[in-house]
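Peer 1: Need a 3D model of the following:
(chains A and B)
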Amino acid sequence: MNQQKPGEMLATRRGLSDTAIKRLFVLPTIILLLCINIFPLIWSLGLSFADYSAVRPRVPGVNPNWIGGGNYKEVLMDSHIWEYFTITAKYAMMAVAGEFLVGFGIALLLNRDFKAKGLITTLILIPMMMSMAIVGLFWKLLYNPGWGIINYMLGLKEFQWLANPRVALVAVAITDIWMWAPFTMLLALAGLSAIPQYLYEAAEIDRASWWFKFRRITLPLVTPLLLIALIFRTMEAFKMFDIAFVMTGGGPGTTTELIAINLYRLAFAQWNTGRASAFAYIILIMIIAISNIYIKYLNKAKEM
Amino acid sequence: MATVEQSKKKVSHWIIIAIILVLTIVYLIPTYWVISSSFKPFKVVTSIPPKILFKPEITSYIKLFTKRSIVRSDEELEERSAQAKWYETKVLKLGQTITGISPFPNRLFNSIFVAVLSTVAAVGLGTLTAYGFSRFKFKGENDWLFFILSTRMLPPVVVTIPLFLMYRFLGLNDTRFGLILLYTCFNLSFATWVMKGFIDEIPREYEEAALVDGYTRFEAFRKIVLPQAATGIAATAVFCFIFAWNEYVFALIMTTRNAQTAPPFIPSQLGVGLVDWGVMAAGASIFLIPVVAFTFVLRKHLLRGVTFGAIRK
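Peer 2: All right, here's what the predicted structure looks like:
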């Protein structure tokens, strides 16, 4: 957008050296990412050491007031924050386990030749492409205790899902599973279809049992792809904001207060910018650790 | 013996197909329910037990696009009915009259505008960068690529705290340009990685032959590589469009009115007065149209897209 257009420049100067082209092609991206992603993060690293609120007027020494590592200490000592971490971990485990079972299960079923296979696969993949906010919104409609279709189909009368502290987190996780199980399915299907058929035929000759074939042939060969799905979904579940925020907004009480929702509240409702920045950095370090593992696996998958 | 086993296999095959069909239907129920709710008359949406059969109406869609007020007297109702257009009659039946256009079309326009421009920018820059990384040697190439992808993995809420301050300082809060800039960066890393996968697959020999023929490097890129990467560029663009179209957190925090897109707008209607679920469902349904259409267009490239180009098939 605000970058120079390489085309115009090059047309006038014929035969630019490869080094020049290389720089011209790559630098705009690097600079843009540094400006919009990295520079703000450095800024907020500074703010994380200050008692600062973005809505109060700037007065040197008062707002921001440099307090060293105070914010980090407060965040790490806050028992509520640990509660939200526990909720997020529970949520991630439920969602990822569900997506794994449902997605891999459907993939095993779909891994055969039949008419309309492509159509059915695509239909199941649609939820994954939807907006998480919109999905959260319409599951709210499905979960409605009075006239929602879920209570009707399960034969539950007026059962509270989202207003019930005991099942609200599960209800949100089910939505997440519905939306993202197709992701696991897609990766599992890719892995399954790449398994050479002769392995099964050889096992057939040895009269191997179904379980044996599954454990010794299928599972080891899809594991690399399933791992990618697992790490990616774990990372995404830790970042989860949209679905839960639209469906419950963290409630009832704090039963669905995921870390991302709490961070949002701290930063944009309580305007405790300094402390929110410190909290954000703690989350950031965790996410970078997970994404490091993830990208390593992606690179491995590339070589397969 | 053989025939018995074969027929056994056939039967189990059909049972599995039946299970697949049932599962597909169960999987589609949520989406179907929302779309069907958008065509239900106001009272049917919340009827107990839920109605499967009903006479479809488009009143919810008319409501979605309009502002209405309640008609005060019967005389006024008659007077207005006499000269009403077809869409006005629909809401007059409910005792309401159209007074103007709702903010929805504007939010929808913002969504389209921001998604299209950010896609063009991200795919354009991403293709160049991908070519650079694919064809030239870099010091610490993998580190740079890791850096590019890691910007995509950052949680949006974390990035928004400082971005909000930066945008406020630059006056970019609640502007379409600001949102386009954000989505461009958000998609740029994705576009670079996926495009690198596509360009890696194009044999270098073609360009090298062209270079020998006296093409400049840029001409070789434009006339040889770009046409061959066309499918990849199209697929990447559709992915970027969907990401920008669906994005919620940035839009929620960085926009309030002027530049607000549909994802934060549609749920925000929940808090306003009596909840008209039919209208909400209508908004969601319209919003889903491009997503469903594009998923079918993309079906061959979905795997590559969700793994950032790492897995090709």
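
Peer 1: I'd like to know which elements the longest helix belonging to chain B is packed against.
Peer 2: Looking across chain B with DSSP state H, the single longest helix is helix B:2-38. Counting by 3 or more CB pairs under 8 Å, 6 or more residues apart in numbering or on different chains; DSSP states H and E, the packing neighbours recorded for helix B:2-38 are helix A:79-110, helix A:117-129, helix A:132-142, helix A:149-154, helix B:277-298. C-beta coordinates here come from the backbone N, C-alpha and C atoms, glycine included.

Peer 1: Local confidence estimate at residue 6?
Peer 2: Looking at chain A here, since you left the chain open. If you check A:P6, the pLDDT there is 48.

Peer 1: I was thinking of chain B, sorry if that wasn't clear
Peer 2: 76.

Peer 1: Repeat that for A:F245.
Peer 2: pLDDT, A:F245: 93.

Peer 1: Check B:L181 too.
Peer 2: 94.

Peer 1: do the host helix or strand of it and chain A meet at all?
Peer 2: Element membership of B:L181 [criterion: DSSP states H and E] is helix B:176-200. Yes - Helix B:176-200 lies within reach of chain A by CB under 8 Å from any CB of the partner chain, at B:I180, B:L181, B:L182, B:T184, B:C185, B:L188, B:S189, B:T192.

Peer 1: Touching, the first one and B:V116? I think so.
Peer 2: Yep, that's B:I180 we're talking about. No - between B:I180 and B:V116 there is no contact under CB atoms under 8 Å: 9.3 Å.

Peer 1: higher neighbour count, those two?
Peer 2: B:I180 (23 against 16; other CB atoms under 10 Å in any protein chain shown).

Peer 1: gap between the host helix or strand of A:I231 and the chain center?
Peer 2: Using DSSP H and E, A:I231 maps to helix A:219-239. Relative to its parent chain, helix A:219-239 has a centroid offset of 11 Å by CA atoms, centre = their mean, to the nearest Å.

Peer 1: what's the model's confidence in that helix, averaged?
Peer 2: The model assigns helix A:219-239 a mean pLDDT of 88.

Peer 1: check whether it contacts chain B.
Peer 2: Yes - contact of helix A:219-239 with chain B (CB under 8 Å from any CB) involves A:L225, A:I228, A:M235, A:F238, A:K239.

Peer 1: Return the residues in contact with the residue most central in space within chain A.
Peer 2: Per CA atoms, centre = their mean, the C-alpha nearest to the average position across chain A is that of A:E236, at 1.5 Å. Each residue near A:E236 by CB atoms under 8 Å, 6 or more residues apart in numbering or on different chains is listed here: A:W180.

Peer 1: Just confirm A:P57 contacts A:P64, I think it does.
Peer 2: No - with contacts counted by CB under 8 Å, A:P57 stays clear of A:P64, the gap being 11.4 Å.

Peer 1: quick one: which of the residues of helix B:176-200 next to chain A has the most company?
Peer 2: Highest count within these by other CB under 10 Å belongs to B:T192, 31 neighbours.

Peer 1: List the contacts of it.
Peer 2: A:T29, B:L125, B:G126, B:T129, B:A130, B:F133, B:L145, B:I148.

Peer 1: Could you do B:G232 as well?
Peer 2: B:V194, B:M195, B:G197, B:F198, B:I199.

Peer 1: Could I get the phi/psi values of it?
Peer 2: phi -60, psi -40 (degrees, to the nearest 10).

Peer 1: Can you classify B:A122 by secondary structure?
Peer 2: helix (DSSP: H, G, I helix; E, B strand; the rest coil).

Peer 1: what's the closest non-adjacent residue to it?
Peer 2: Once flanking residues are discounted, B:A122 sits nearest to B:N187: 3.7 Å by CB to CB, 6 or more residues apart in numbering or on different chains.

Peer 1: Just to check, the one you found is in contact with B:V116?
Peer 2: No - at 12.0 Å, B:N187 and B:V116 do not qualify as touching, with contact defined as CB under 8 Å.

Peer 1: now the chain, which segments are flagged as low pLDDT?
Peer 2: If you meant another chain, say so; for now it's chain A. Within chain A, the ranges that satisfy pLDDT under 70 run A:1-15, A:302-304.

Peer 1: wrong chain, I was asking about chain B
Peer 2: Within chain B, the ranges that satisfy pLDDT under 70 run B:1-3, B:270-274, B:313.

Peer 1: give me the number of residues near the closest residue to B:I35 other than its chain neighbours?
Peer 2: For B:I35, ignoring the flanking residues on the chain, the nearest one in space by CB to CB, 6+ apart is B:S285 at 4.9 Å. B:S285: 22 surrounding residues under other CB under 10 Å.

Peer 1: how near is B:S285 to B:W33?
Peer 2: 11 Å (CB to CB, to the nearest Å).

Peer 1: for B:G100, same thing?
Peer 2: B:G100 is 31 Å from B:W33, by CB to CB.

Peer 1: about what we covered before: same drill for A:P57 and A:P64, tell me which one is more crowded.
Peer 2: Just comparing A:P57 and A:P64: by other CB under 10 Å the higher neighbour count belongs to A:P64, 20 against 7.

Peer 1: Tell me if I'm right that the more buried one and A:S48 touch.
Peer 2: No - counting by CB under 8 Å, A:P64 does not reach A:S48; the two are 10.6 Å apart.

Peer 1: Can you check which residues contact both of the two?
Peer 2: Common neighbours of A:P64 and A:S48 (CB under 8 Å, 6+ apart) are A:G274.

Peer 1: For A:P57, give me phi and psi.
Peer 2: According to degrees, to the nearest 10, A:P57 has phi -60, psi 150.
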